[in-house]
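Asks: Just to be clear, the model below is a prediction. Sequence and coordinates:
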Amino acid sequence: MSGYNPGDILVAELKIGNFDFKFGFVSFDVYESIFTPGILANITVLDTADYLGQQKLAGGEPVTIVFKPPGGQMVQYKMVVNKVKKAESTPSQKAKSYIIEAGSEEIFNAKDKYVSKVYDNKQFSQMVQDIFKEFLKSSKKLNIEETKGMQKYVVPNQKPYAAIDMIRRRSVSSQNESSTFVFFENSDGFHFTTLEKILRDRKIVRTLVQDNTVGSSFLKSKANNILQLQVPQQMDMAKTTGSGVMKSSYRTFNIFTLDYKEKDVDKPEKGTAKPGKERIKSSYESKHKDQPGLISVMPVANQKDVGLRGKSYIPEQTPKQRAYADALASGVTRMTVIGDTVYKAGVMVTAQISKKMDTTSNPGLDYALTGDMLISAVHHKVNPPGVRPRYVSVLECLKASYNEDVNS
């Protein structure tokens, strides 16, 4: 679009409480993830008249962000204030700077509620729908995938998100064998669905390409160019071998506390080393320091499943779930691209990644990385004025398909 540069953004509304800061915001970050049942945001505003100080925000005040790239699709996020931080300012600065931490209003609605209910002859998908409406008090759209079998199930006085997660882990899809259910929110609403259904529906929003031209500038880039690519190392021999010890490990990630835990399960040979100790990794925020913490809700660890249930279908589905999850986890890619609202948690992109070569000739595609990818998390990052590109989207993707020439 003429007159605009890649990464420009048009903000129609950025309202905190009763005041619109669309002309007074400095930067903001919005986070979506298929592994987190809510949307999070950080907003930095320059308050020249101290409107926020006069409002005396205490938490729970409405936050609305409406924006789009020039010529793109408008997106709206409705959240509530979780925390307000006053940023440091210089003596010569007359305005006050504030950092607002916000999250989905459903998180705030649910924090003081408990689910204590008996569901008799209901599908798990129907139970999720009931908790969503009755306890999360959400007016947003819920896209839900039907589960298999009728159940009698007791939810024993749990926080709403913990109750949904307990049900999610027991759910088996009526159509998709992997039954790897996720419960998450993106800008389209909430979703209770399997990853297999998302991949099968193949909602591909863009084909991304990597520009390897030496001296290229983002100003000459198209909207689908990959600005930065990172492929995390999937194998660490230091963790799997040792002196006289055969090591394996398992990892857990609590979507409510955002804690990541890794534990080694060592099998020492006779007369050799003792089993290793449990290692507790730092929280999710330590890996992604720019991501705000989720409002505290009930953890799911060590909770007893006391449901009275019919046929669960779980034993025959568990091997398929594990195999499916392992296959997806083996293809994690992180990409930074020119910002666009078409990128959402749970949609797909196609990536065309070039081989890394020392020559300037056309290297061809790296078919181990090229293919369809599921966006598992997106960070819409709007930088302060003067930083270019101002609006970028950081995508964390799971590889969904491989080209036939993957061995070439």
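Replies: Looks like it arrived, so ask away.
Asks: Test for you: state the pLDDT assigned to Asp358.
Replies: Reported pLDDT at Asp358 in the predicted model: 50.
Asks: number of nearby residues for the closest residue to Met74 other than its chain neighbours?
Replies: Leaving aside its sequence neighbours, Met74 sits nearest to Lys68 (C-beta to C-beta, 6 or more residues apart in numbering; 4.4 Å). (Glycine included, C-beta is placed from N, CA and C.) By the measure other C-beta atoms under 10 Å, the count of residues near Lys68 is 18.
Asks: what does Asp130 give?
Replies: Other residues lying near Asp130 total 15 when counted by other C-beta under 10 Å.
Asks: secondary structure element for it?
Replies: Assigned by DSSP states H and E, Asp130 falls within helix 124-134.
Asks: Equivalent analysis for Lys85, please.
Replies: In the assignment (DSSP H and E), Lys85 maps to strand 75-86.
Asks: Identify all contacting residues around that strand.
Replies: Applying C-beta atoms under 8 Å, 6 or more residues apart in numbering, the contact partners of strand 75-86 are 13, 16-17, 30, 39, 41, 52, 57, 59-68, 96-105, 107-108, 187, 292, 295, 341.
Asks: hmm, who's touching the helix holding Asp130?
Replies: For helix 124-134, the surrounding residues in contact (C-beta under 8 Å, 6+ apart) are 115, 117, 119, 122, 138, 142, 144-147, 151, 153, 155, 160, 163-164, 167-168, 170-171, 183, 190, 192.
Asks: go again using 6 Å as the cut-off
Replies: Contacts to helix 124-134, defined as C-beta atoms under 6 Å, 6 or more residues apart in numbering, come from residues 115, 119, 138, 142, 144, 146-147, 160, 163-164, 167, 171, 192.
Asks: Which positions in that helix come out as buried?
Replies: For helix 124-134, the neighbour count (16 or more other C-beta atoms under 10 Å) marks 124-128, 131-132 as buried.
Asks: ok, and the closest non-adjacent residue to Arg12?
Replies: Quick fix: residue 12 reads Ala, not Arg. Closest residue in space to Ala12, ignoring its immediate chain neighbours: Val66 at 4.3 Å, by C-beta to C-beta, 6+ apart.
Asks: tell me the phi and psi of that neighbour?
Replies: Backbone geometry at Val66, expressed as degrees, to the nearest 10, gives phi -130, psi 120.
Asks: One more: Arg170?
Replies: Backbone torsions for Arg170, taken as degrees, to the nearest 10, come to phi -100, psi -10.
Asks: And it, what's its pLDDT?
Replies: Note on Arg170: pLDDT of 90.
Asks: Next one: it from Val155, what distance?
Replies: Going from Arg170 to Val155 by C-beta to C-beta, to the nearest Å gives 12 Å.
Asks: go on, Ser138?
Replies: The gap separating Ser138 from Val155 is 18 Å, by C-beta to C-beta.
Asks: So which of those two has more stuff around it?
Replies: Legend: neighbour count by other C-beta under 10 Å for Ser138 and Val155, higher for Val155 (23 against 17).
Asks: circling back: from the contacts of helix 124-134, which would you call buried?
Replies: Buried among the contacts of helix 124-134 (16+ other C-beta under 10 Å): 115, 119, 138, 142, 144, 147, 160, 163-164, 167, 171, 192.
Asks: I'd like those residues as CSV, with secondary structure and distance to Val205 appended.
Replies: Listed next are these as CSV, based on DSSP: H, G, I helix; E, B strand; the rest coil; distance: C-beta to C-beta, whole Å:
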residue, secondary structure, distance to Val205
Val115, strand, 35
Tyr119, strand, 36
Ser138, coil, 25
Leu142, strand, 21
Ile144, strand, 22
Thr147, strand, 28
Pro160, helix, 31
Ala163, helix, 32
Ile164, helix, 27
Ile167, helix, 30
Ser171, coil, 27
Phe192, strand, 21
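Asks: and which of these is nearest to Leu199?
Replies: Closest approach to Leu199 among those (C-beta to C-beta): Phe192, at 16.1 Å.
Asks: Tell me who's in contact with Ala41.
Replies: Each residue near Ala41 by C-beta under 6 Å, 6+ apart is listed here: 30, 79, 102.
Asks: surely Ser171 meets Val182?
Replies: No: Ser171 is beyond contact range of Val182, at 10.4 Å (criterion: C-beta atoms under 6 Å).
Asks: Just the buried residues of stretch 102-111, please?
Replies: Applying 16+ other C-beta under 10 Å to stretch 102-111 flags 102-110 as buried.
Asks: For Tyr114, which residues are in contact?
Replies: Tyr114 sits next to Asn157 when contact means C-beta under 6 Å, 6+ apart.
Asks: tell me the pLDDT at it?
Replies: For Tyr114, the predicted pLDDT is 94.
Asks: what's the weakest-modelled helix or strand in the protein?
Replies: Ranking every helix and strand in the chain by mean pLDDT, DSSP states H and E puts strand 279-280 at the bottom, with a mean of 37.
Asks: Can you give me the distance of Lys83 to Ser187?
Replies: Separation of Lys83 from Ser187 (C-beta to C-beta) stands at 22 Å.
Asks: the more surrounded of those two?
Replies: For Lys83 versus Ser187, neighbours defined as other C-beta under 10 Å are more numerous around Ser187 (18 against 15).
Asks: Find the nearest non-adjacent residue to Asp120, please.
Replies: Lys152 (5.1 Å).
Asks: Please report how far the closest residue to Met150 other than its chain neighbours lies from Gln151.
Replies: Computed as C-beta to C-beta, 6+ apart, the closest residue to Met150 that is not its neighbour in sequence is Asn121, at 4.9 Å. Going from Asn121 to Gln151 by C-beta to C-beta gives 8 Å.
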